[in-house]
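**Q** Okay, sequence plus prediction incoming.
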Amino acid sequence: MKRKKVQVFDIINNIILLLVAVICIYPFLYVFFVACSNGTYLQRGEVSFLPKGFNLEAFKYIMGSTKFHVWTGLRNSFLYTFGGTIVAILTTYVTAYALSRPRLKGRYLLMGAFIVTWVFDAGIIPQYIIYNSTFPA
């Protein structure tokens, strides 16, 4: 079996990707560690990364309270995600099958409509207006 030679590019690339991953994950970890810290340390501003005075009282309060409707939100998020994924898969499957049929009249026009919506998304006009008002020519 041939061993792959480790190149300088691979090492630098891995270091850069690891740094990007840490930068992306840090805010989530920070919020979690703040939630797990004692409130006294938070008021003093002593929580920088790792939790101080570890406790889960905030989680118990939020999950046990009926006024926040956390379980309803989680259930709705799961149902919307699951339902939306199923609908998207079925729609994509049926559309792809129909567009793969050579006898479908107007198939190139329909495919062109799909491609235009992929390239020019709905946010392009508001984005243009914001850029144009922020950076006038």
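**A** Sure, I can see it. Numbers count the residues shown, from 1 in each chain.
**Q** show me where pLDDT drops low in the chain?
**A** Counting by pLDDT under 70, the ranges of the chain that qualify are 1, 137.
**Q** residue contacts, the spatially most central residue of the chain?
**A** Compute the mean C-alpha point of the chain, and by C-alpha atoms, centre = their mean the closest residue is Cys24, 11.1 Å away. Under the criterion of C-beta atoms under 8 Å, 6 or more residues apart in numbering, Cys24 has no neighbours. All C-beta atoms are positioned from the backbone trio N, CA, C, and that covers glycine.
**Q** how close does it sit to Thr40?
**A** Cys24 sits at a distance of 30 Å from Thr40 (criterion: C-beta to C-beta, to the nearest Å).
**Q** all helices of the protein, in order?
**A** 8-35, 39-44, 57-64, 70-100, 107-119, 124-134 (DSSP state H).
**Q** if we look at the fifth one, which residues are touching it?
**A** Think helix 107-119. If you take C-beta under 8 Å, 6+ apart as the criterion, helix 107-119 is touched by 95, 98-99, 101, 104.
**Q** Please repeat the previous calculation with a cut-off of 10 Å.
**A** With contact meaning C-beta atoms under 10 Å, 6 or more residues apart in numbering, helix 107-119 is reached by 95, 98-101, 104, 106.
**Q** which among the residues you listed end up buried?
**A** Listed as buried from the contacts of helix 107-119 is no entry at all; burial here means 16 or more other C-beta atoms under 10 Å.
**Q** May I see those arranged in JSON lines, with distance to Gly45 as well?
**A** Formatted as JSON lines, those follow (distance: C-beta to C-beta, whole Å):
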{"residue": "Thr95", "distance to Gly45": "54"}
{"residue": "Ala98", "distance to Gly45": "60"}
{"residue": "Leu99", "distance to Gly45": "58"}
{"residue": "Ser100", "distance to Gly45": "61"}
{"residue": "Arg101", "distance to Gly45": "65"}
{"residue": "Leu104", "distance to Gly45": "65"}
{"residue": "Gly106", "distance to Gly45": "64"}
